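Asker: Using only what follows, build the 3D model:
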Amino acid sequence: MSSIKTKYIQKAIQIFKQEGLKLSLDDLAVKMSISKKTLYNHFSSKEDLHSACMRSMFSELNQKMDVLTDPTKNAIECLREGFKGLKAVFIQLSPLFIHDMQRLYPDMVYSSHASDIDFFKQRMMANIEKGIGEGIYNRQLDVSFISQYISHSVFGFYFHSVLSNNDFSTSNYFETVLEYHLKGLVTDKGRLLL
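Answerer: Coordinates of the predicted model:
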């Protein structure tokens, strides 16, 4: 993908996050300070642009989750960094944007949501196994169950709170749930790293 197309995708994402997906290509082009023709030179339709934006966002989310297994950090540092990355991605999404995505592209949103949860679960499993290997997570943990529980907890809470316009602060949620789960995962050696 060309760097100019990537630049347009990033600009469009920022606008869509604030205003939703209902904008016409004319309105979007004006907000991006380019012509509608320029948009059509890079995207065949509004749907093509939406799809490119969503793929970019899901890719960014997956990159943020990759840190859960960073070999240069211990498992606790990886987990904290991973939750920080998730928070950075999630906190930028407006309820309007999420509602529009679900309304216009339910199949893509559902499959991407399921894929993201599964990807996060796999990274959580790898993080827990890493922590067990480092001696900082408890060896008796049911790795699959804990990974699934945390994955569904994080994604479920976030989407439920956004879609219901819950007043609970998303930023506080990530720190609270992370520290809660860490206390249950760590050994005495790991507790010293908390």
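Asker: for this structure, what are the low-confidence residue spans?
Answerer: Within the chain, the stretches with pLDDT under 70 are 1, 94, 159, 161-171.
Asker: in it, which residue is closest to the centre?
Answerer: Leu61 (3.8 Å; Cα atoms, centre = their mean).
Asker: for that residue, helix, strand, or coil?
Answerer: helix (DSSP: H, G, I helix; E, B strand; the rest coil).
Asker: check contacts around Phe58.
Answerer: By Cβ atoms under 8 Å, 6 or more residues apart in numbering, Phe58 lies in contact with Ser112, Ser115, Asp116. Placement of C-beta: from N, CA and C, glycine included.
Asker: and if we set it to 6 Å?
Answerer: Applying Cβ atoms under 6 Å, 6 or more residues apart in numbering to Phe58 gives the contacts Ser112.
Asker: quick one, phi/psi of it?
Answerer: In terms of degrees, to the nearest 10, the main-chain angles of Phe58 are phi -70, psi -40.
Asker: What segments of this protein are helices?
Answerer: Counting by DSSP state H, the chain has helices at residues 3-19, 25-32, 36-42, 46-66, 75-91, 95-104, 106-134, 143-163, 170-185, 188-191.
Asker: Go through these and pick out the most buried.
Answerer: Mean neighbour count (mean count of other Cβ atoms under 10 Å) peaks for helix 75-91 among the helices of the chain, with a mean of 20.
Asker: Give me the helices and strands touching that helix, please.
Answerer: helix 46-66, helix 106-134, helix 170-185 (3 or more Cβ pairs under 6 Å, 6 or more residues apart in numbering; DSSP states H and E).
Asker: can you put the ones you listed in a markdown table and add distance to Arg191?
Answerer: Conversion of the helices and strands packed on helix 75-91 to a markdown table gives the following (distance: least, Cβ to Cβ, whole Å):
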| stretch | distance to Arg191 |
| --- | --- |
| helix 46-66 | 25 |
| helix 106-134 | 12 |
| helix 170-185 | 8 |
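Asker: Relative to Ile15, which of those helices is closest?
Answerer: Ile15 sits nearest to helix 46-66 of all those, at 9.6 Å, using Cβ to Cβ.
Asker: Check the offset of that closest one from the chain's centre.
Answerer: 10 Å (Cα atoms, centre = their mean, to the nearest Å).
Asker: just the angle between that helix and helix 25-32, please?
Answerer: Relative orientation of helix 46-66 and helix 25-32, computed by axes from the mean of the first three to the mean of the last three Cα atoms, to 10 degrees: 50 degrees.
Asker: Just the angle for helix 46-66 relative to helix 3-19, thanks.
Answerer: Angle, helix 46-66 to helix 3-19, by the same axes, to 10 degrees: 90 degrees.
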